[in-house]
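Based on what follows, work out the 3D shape:
(2 chains)
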Amino acid sequence: MADEKQTGKAPQQPAARTSWRLTFRWDGAKIELVNRRQVRMIAPATTGEQPIAGEHAGIWLELRDAADKPLYHRSLTRFMGAKAEVFHPDGAITHHLGDPGSAQFEVVVPDLPPAAWLCIVSSPFEPKALLHEPAREIARFLLRTGGSGQEQRR
Amino acid sequence: MGAADGFIGATTKIVDHGPNSDRWNLVILGDGYRASEIPQYHADVQKFVATLHATAPFDELWGGINIHQIDVTSTDSGADDPATCPDPFAPTGSGATPNTFFDATFCSAGPGGARLSRLLTIDSPRAQEAASERVTEVHQVLVIVNASKYGGSGGSVAVCSTEASAAEIAIHEMGHSSFDLADEYGGNGTGSPAGEPLKANVTRDTERATNKWNSLIAAATPMPSSCGNGCADCTPPATAPAPGAVGAYEGAMYSDCGIYRPLPDCKMRTLGVPFCPVCAGVIRTALTIFLPVAIPPDAPGGLVVA
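Residues are numbered from 1 along each chain as shown, chains lettered A, B, ... in the order given. Here you go, the predicted structure:
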């Protein structure tokens, strides 16, 4: 068998030593950034492929630079309450899908010096659409300004 | 029910591999433990920690992990467990309605309102807030519920009961929330993405040259490596792959046909089995940066506001 550790190589960029802890609230129609704070900690590395707005389906968060180039992404699908798993005593798993419910959740992202924008990209909020319809930007927040620093659009 | 039904006590770093700022931090809280049961909570935490430590690849990455235990005392013991639950798999519960700090409840409503007997949920925002107020650097929150019935849930906070194998639920859910792994079990296609999945551990691509985990596929392993029953789009291999050979096995991400997984089985498909090499590799990639030697001291982001 091939070397199983090849997929476990370290990321190319060094990890930022400070991060943003972001708290979002989702009311079923709109997503709000309700709190942000800088914390001395390392954010999780990005995993999976970089999703592309207008091409891929789902809901995710992106850090973008001033020229709108994506720097980092994290999937938010699991936090939106659109799926629940049923765990059977024999170890088997099945799942239930439905409309995303209201939710409040925290996400940690790296404090990358070039990052200017925090963008939420999503397909329409119906279970089938979240899986099949291309996502578009639904909200964007200035990452570093004082006050709310928010600009929302859908 | 809720915060009036208990209080938060001590926070203890029970696995300490260095500064929280440099490590991956798991914060464990309890629900449904009365004051007299806090020693039992500590024992239940230790059992979970032992299970996680014994689970590859967490064993080899252990030096990058800190674990924190927060004592939460509830007025009553256990979790809500409605006497009747409209769930064909397990339609009856104990009828218990204890008052607990995080409102742990079996037979919770899943998406679309369907009630699921083993879906054990808590007040996730409250648990997340309790964790991040006490351990600012938290990456993953786990709530252990003092109930012997099998159950758990995922999302931003992993939840499991104290039933012997429920820790597997929490580890599976951490695979989603912390490492963005896809489910590898099949189904009728409801919930499967239309195109190539973005997740690292599932694919529609059975071409050896372009498959996303092709560096792990040996030359002798047939592609695809197995086909689902009755799947028209898959040509079964002439010879079966060697046991344990990474390849492309049909049936994953809620579809029995058309989506492939790296091995016949994996913790993202069945609880109680190991993570497959692709999932283990993803976890390794995510946690390697937390190992003591992985981060250069002059890495960017030195400004601390906290």
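
so where is the stretch 151-300 of chain B shaky, pLDDT-wise?
B:294-300 (pLDDT under 70).

for chain A, what spans make up the helices?
Taking DSSP state H as the test, the helices found in chain A are A:127-132.

Could you check how far A:Val86 is from B:Leu142?
20 Å (C-beta to C-beta, to the nearest Å). Quick note: C-beta positions are derived from backbone N, CA and C, even for glycine.

Counting neighbours, what do you get for the closest residue to B:Gly112 other than its chain neighbours?
Closest residue to B:Gly112 apart from its sequence neighbours, by C-beta to C-beta, 6 or more residues apart in numbering or on different chains: A:Gly98 at 2.7 Å. Applying other C-beta atoms under 10 Å in any protein chain shown, we find 17 residues neighbouring A:Gly98.

Tell me who's in contact with A:Gly98.
Contacts for A:Gly98 (C-beta atoms under 8 Å, 6 or more residues apart in numbering or on different chains) come out as A:82-84, A:127, B:110-114.

Equivalent analysis for B:Gly187, please.
So B:Gly187 contacts A:94-95, B:254-256 (C-beta under 8 Å, 6+ apart).

Of those, just say which sits nearest to A:Asn35.
For the contacts of B:Gly187, the residue nearest A:Asn35 by C-beta to C-beta is A:His95; the value is 30.7 Å.

At the geometric centre of chain B, which residue sits there?
B:Glu173 (2.1 Å; C-alpha atoms, centre = their mean).

if I read this right, it contacts B:Gly154, doesn't it?
Yes. B:Glu173 is in contact with B:Gly154 according to C-beta atoms under 8 Å; the separation is 3.2 Å.

Touching both of these two, which residues are there?
By C-beta under 8 Å, 6+ apart, the residues touching both B:Glu173 and B:Gly154 are A:Glu85.

Which helix or which strand is home to B:Pro125?
For B:Pro125, the host element (DSSP states H and E) is helix B:124-134.

The next helix or strand after that helix to helix B:124-134, inter-axis angle?
With elements assigned by DSSP H and E, the helix or strand that comes after helix B:124-134 is strand B:138-145. In terms of direction (axes from the mean of the first three to the mean of the last three C-alpha atoms, to 10 degrees), strand B:138-145 departs from helix B:124-134 by 120 degrees.

Kindly provide the whole-number mean pLDDT of strand B:138-145.
Mean per-residue pLDDT for strand B:138-145: 97.

That one: how far from the chain's middle?
With C-alpha atoms, centre = their mean, to the nearest Å as the basis, strand B:138-145 stands 10 Å off its chain's centre.

What separation is there between the nearest residue to A:Pro44 once chain neighbours are set aside and A:Thr46?
Spatial nearest neighbour of A:Pro44, chain neighbours left out: B:Ala286 (5.7 Å); criterion: C-beta to C-beta, 6+ apart. Counting by C-beta to C-beta, the gap from B:Ala286 to A:Thr46 is 9 Å.

thinking again about what came up before, got the contact list for the helix holding B:Pro125?
Against helix B:124-134 from outside (C-beta under 8 Å, 6+ apart): A:21, A:103-106, B:2-3, B:8, B:11, B:27, B:29, B:31, B:68, B:70, B:72, B:102, B:138, B:141, B:143, B:155-157.

Stretch B:205-225 too?
A:1-4, A:6-7, A:49, B:196, B:200-201, B:203, B:234-242, B:245-250, B:260, B:262, B:277-278, B:281.

Of the residues you listed, keep whichever come out buried.
A:2, A:4, A:7, B:200-201, B:203, B:234, B:237, B:241, B:245-250, B:260, B:262, B:277-278, B:281 (16 or more other C-beta atoms under 10 Å in any protein chain shown).

Just those residues: which are in strands?
B:249-250, B:260 (DSSP state E).

related to what we said a few turns ago, and the residue nearest to B:Gly112, how far is that from B:Ser177?
19 Å.

residues in contact with residue 55?
No chain was given, so I picked chain A. Counted by C-beta under 8 Å, 6+ apart, A:Glu55 has contacts A:Pro134.

try chain B instead
Counted by C-beta under 8 Å, 6+ apart, B:Thr55 has contacts B:171, B:267, B:274-275.

In CSV: those residues, plus secondary structure, neighbour count and distance to B:Leu52.
What follows is the contacts of B:Thr55, written out as CSV (DSSP: H, G, I helix; E, B strand; the rest coil; neighbours: other C-beta atoms under 10 Å in any protein chain shown; distance: C-beta to C-beta, whole Å):
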residue, secondary structure, neighbour count, distance to B:Leu52
B:Ile171, helix, 20, 6
B:Lys267, coil, 23, 12
B:Pro274, coil, 14, 13
B:Phe275, coil, 25, 12
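
Need the max-distance pair from those.
Longest span within the contacts of B:Thr55, C-beta to C-beta: B:Ile171 and B:Pro274, 10.6 Å.

what residues are shared contacts of the two?
Joint contacts of B:Ile171 and B:Pro274 (C-beta under 8 Å, 6+ apart) are B:55, B:267.
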